[in-house]
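Engineer: okay, sequence plus prediction incoming.
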Amino acid sequence: MTIPDPVHPAWLPPEAFRAVGSRRTLVLGDGLLVETVHDEVAQACARYGGRVRRGAEDGPYDLVLALITAESLPGAAGAVLAEFRGDAGPAGRVIGAEGYLLARRDGVTVVLAGDSAGLLYGLFHVVRLGERAFAAEREAEHHRPAMRRRMLDHWDNVDVHPVMGQVERGYAGGSIFWRDGAPRGDLARVRAYARLLAACGVNAISVNNVNVHATEARLLTDRLGDVAAIADVLRPYGIRVHLSVSFASPVVLGGPPTADPLDEDVRTWWTGVTERVYETIPDFGGYVVKADSEGQPGPFAYGRDHADGANVLAEALAPHDGVVHWRAFVYNHRQDWRDRTTDRARAAHDHFAPLDGRFRDNVIVQVKHGPIDFQTREPVSPVIAAMPATRLAVELQVTQEYTGQQRHVCYLAPMWSEVLGFRPWGPDGAAVADIAAGTADVADGAEDRHGRAPGDGGGLVGVSNVGDDPYWTGHPLAQANLYAFGRLAWVPWADPAAILDEWIDLTFAPAATGGTEPAATGESERLRRTLHAIMDGSWRTYERYTAPLGVGFMVRPGHHYGPDVDGYEYTPWGTYHFADRDGVGVDRTRATGTGFTGQYPPPWSGTYESLADCPDELLLFFHHVPYGHVLRSGSTVIQHVYDTHFAGAEQVAEARRHWAELAGTGVVDERLHARVLGLFDEQLRCAEEWRDQINAYFFRKSGVPDAQGRRIP
Ligand code: GCV
């Protein structure tokens, strides 16, 4: 892995294209993205000595990349199409938007795509396979994204915010789009970003913070040209631009003196402004709105609800095929900690579930995956199961606000995988991934989920972890989270460890092996083993040394880094642990608590309500229990706290040792190795701080000593 100046190539180093670049390739079809495919192959060929033809069939070829609509498909491609149609029966099964067939026939590897985006994704599939794509005959495989919408939200400010800086919750330097109130102008960087995103499957980006300040608001009108410039660079990679807008836009941008969604002038204003947006950016994706949340304006100010608010924007977007992502992150951030009846976890469901069926078709209600706020461990939000008549997107946080802030290794795909695989109605019901995909009503348990039509649901949205850092993500290993987000949006049931393997092969293996073969021997295999040892379990390790058993927060208020057990306990933002000398946890039961468990359908409403059945890892999210309460694991709560905190810090030390042992092996660039090692030093310091604060806090509260007699400060 080398570091070209100034930006690291992440999972698209030139070497990843060696297999493609040394072959004879035919590219057939028309359209902007087909040109991108051709250019990608041509660049690879220039480096590795292959040849690429565009539309002229003077074979032989090793690789055919073609749209099925191409005028004449060469033999192998025609055979693949015929076979596929035969399989599908007379009715014909379509390849589908963004989909492709991949096969190898008579020594030719074929990618046949239904549209030009599919061809681009097919090319990147071949890149992922490397030499394996050309090794043996391959039955036709049909690939298409599970989710139509695979989007990253950038919380980037155009102006530097006095508290939040250029990127809110950004841990990778400044914005790649904006600097000090203006576009950065470095569109090469944005283009490189678009390539990376296309290679992992992302097809939409929102380019500014959901907290819309004065300058960002103007992106909708007089600063729209700045957005159009970004859209131009993203377009060749199949990525549509979206914009976060203020609900108060009419008022703050010189329109009517009200933003009341039922006011005729307000409707007309949104219609006119939106028309101008589409005149400038014809493939504009739509608006993202955070309303009535943490100080952002919203429909409540006018006595309206969130369906009224979302629908006025959706109505303006509808004629242009645009959507509004309307966030369900609505709660009272000015609550009184003495008021035991207010429960932040309930808020989104209380506000949104009653509105099911009232949103226009092109509204996507965007729901954070957990009921509170991207904590290390939360149950799945009950809103996700409560709005069957509404298009829902599930929001994940790729930026590691509460999971180590890109100073700690925390591979999040295992967590996201659990979320996507969660079945709110029990084992026979649909999974969260099906709801986000919009396929929840398709009979479940289909053997071949590849064959299932991609859903037109709200999809998956991730809060981006990218900045102007040379490694993109601050911590170089946090690149894996960005890669995994895209891949899970495409294949939600993919194994996180297999995704990590893909990422390792693309990012590290080429330099070590001279090709994109999965590293099978020697130092490369050692690197693979080391990265798995460090990363596979890193989310659970992080959980062990931070807030225990699903209780959440316990972070320093404001920046949210490092431990502060009571930091938020007596603030207006919500109360999270209720620890006293006898016990800890939040009673969210129907019997004696806030009633939050009742927001779930059976069986989970019962499972979470029951002290005996509630999963250990969520116990303190749902129940207030004595320190001596015996967990399902057999340990007491207090002993579990001690054991996990000692173990978690020790696991970080072990991970650091694994990484340190790679020094001088040559499989990892020395500068990258040094940067990660430095970050491990910080992670270890912080993990020990967490261990000692949490253990000391609960020892002092409970007076119960550690059964193993370890030192608690
Ligand atoms: C963009 C959390 C973060 C905020 C963020 C908010 C949101 O509260 O701390 O920085 O604001 O979530 O998702 O809107």
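Structural biologist: Yes, it's here.

Engineer: can you tell me which residues in the chain are near the ligand?
Structural biologist: 155, 168-169, 210-211, 290, 329, 373, 401 (CB under 6 Å from any ligand atom). All C-beta atoms are positioned from the backbone trio N, CA, C, and that covers glycine.

Engineer: and the furthest pair within those residues?
Structural biologist: Largest separation among these by CB to CB: Lys290 and Glu401, giving 15.3 Å.

Engineer: mind checking the longest helix of the protein?
Structural biologist: Looking across the chain with DSSP state H, the single longest helix is helix 670-702.

Engineer: report the buried residues of that helix.
Structural biologist: Under the neighbour-count criterion of 16 or more other CB atoms under 10 Å, helix 670-702 has 672-673, 675-676, 679-680, 683-684, 686-688, 690-695, 697-699, 701-702 buried.

Engineer: and Lys290 and Glu401? which has more neighbours close in?
Structural biologist: Lys290 (26 against 23; other CB atoms under 10 Å).

Engineer: backbone dihedrals for that one, please?
Structural biologist: For Lys290, the backbone dihedrals (degrees, to the nearest 10) come out as phi -110, psi 110.

Engineer: show me what contacts the spatially closest residue to it that is not a sequence neighbour?
Structural biologist: Ranked by CB to CB, 6 or more residues apart in numbering and with sequence neighbours excluded, the top spatial neighbour of Lys290 is Val210, at 4.0 Å. Taking CB atoms under 8 Å, 6 or more residues apart in numbering as the criterion, Val210 is in contact with 153, 155, 244, 288-290, 296, 327.

Engineer: now with 7 Å?
Structural biologist: By CB atoms under 7 Å, 6 or more residues apart in numbering, the contact list for Val210 reads 153, 155, 244, 288, 290, 327.

Engineer: just flag the most distant two among the residues you listed.
Structural biologist: Spatial extent of the contacts of Val210 (CB to CB) is set by the pair Trp155 and Arg327 at 12.0 Å.

Engineer: tell me which of these two has more neighbours.
Structural biologist: Arg327 (26 against 21).

Engineer: touching, that one and Gln366? I think so.
Structural biologist: Yes. In this structure, Arg327 is within contact of Gln366 by CB atoms under 7 Å, at 4.8 Å.

Engineer: and the residue nearest to the spatial centre of the chain, what helix or strand is that in?
Structural biologist: Centroid-nearest residue in the chain: Gly462, 3.3 Å away (criterion: CA atoms, centre = their mean). Element membership for Gly462, per DSSP states H and E: strand 459-463.

Engineer: and that strand, what does it pack against?
Structural biologist: strand 150-153, strand 391-397, helix 479-490 (3 or more CB pairs under 7 Å, 6 or more residues apart in numbering; DSSP states H and E).

Engineer: next, format the ones you listed as a markdown table and append mean neighbour count.
Structural biologist: Formatted as a markdown table, these follow (neighbours: other CB atoms under 10 Å):
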| stretch | mean neighbour count |
| --- | --- |
| strand 150-153 | 28 |
| strand 391-397 | 26 |
| helix 479-490 | 26 |
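
Engineer: out of these, the one nearest Tyr570 is which?
Structural biologist: strand 391-397 (25.5 Å).

Engineer: need the contact partners of that closest one.
Structural biologist: 149, 325, 363-369, 374, 384, 416, 432, 435-436, 438, 457-463, 485.

Engineer: what about 6 Å?
Structural biologist: 364-369, 374, 416, 435-436, 457-463 (CB atoms under 6 Å, 6 or more residues apart in numbering).

Engineer: now find how far off-centre the helix or strand that it is followed by is within its chain.
Structural biologist: Where DSSP H and E defines the elements, the next helix or strand beyond strand 391-397 is helix 413-421. Remark: helix 413-421 is offset 11 Å from the chain centroid, using CA atoms, centre = their mean, to the nearest Å.

Engineer: ok, now stretch 95-114?
Structural biologist: Here stretch 95-114 is found 27 Å from its chain centre; the criterion is CA atoms, centre = their mean.

Engineer: and the helices and strands packed on strand 459-463 as TSV, adding distance to Gly467 and mean pLDDT?
Structural biologist: Output for those, formatted as TSV (distance: least, CB to CB, whole Å; pLDDT from 0 to 100):
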stretch	distance to Gly467	mean pLDDT
strand 150-153	13	98
strand 391-397	15	98
helix 479-490	11	98
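
Engineer: figure out which of the ones you listed is closest to Asp283.
Structural biologist: Of the helices and strands packed on strand 459-463, the one closest to Asp283 (CB to CB) turns out to be strand 150-153, at 14.1 Å.

Engineer: show the pLDDT at Ala520.
Structural biologist: Note for Ala520: predicted pLDDT of 45.

Engineer: swap in the one 5 residues further on?
Structural biologist: Note for Glu525: predicted pLDDT of 88.

Engineer: and it, that's in a helix?
Structural biologist: Yes. Residue state for Glu525 (DSSP: H, G, I helix; E, B strand; the rest coil) corresponds to a helix.

Engineer: out of the helices and strands packed on strand 459-463, flag the one nearest Ala56.
Structural biologist: helix 479-490 (32.4 Å).

Engineer: tally of neighbours for Asp226?
Structural biologist: If you count neighbours by other CB under 10 Å, Asp226 ends up with 19.

Engineer: any figure for the gap between it and the ligand?
Structural biologist: Noted for Asp226: a distance of 20 Å to the ligand, by CB to the nearest ligand atom, to the nearest Å.

Engineer: for that residue, helix, strand, or coil?
Structural biologist: helix.
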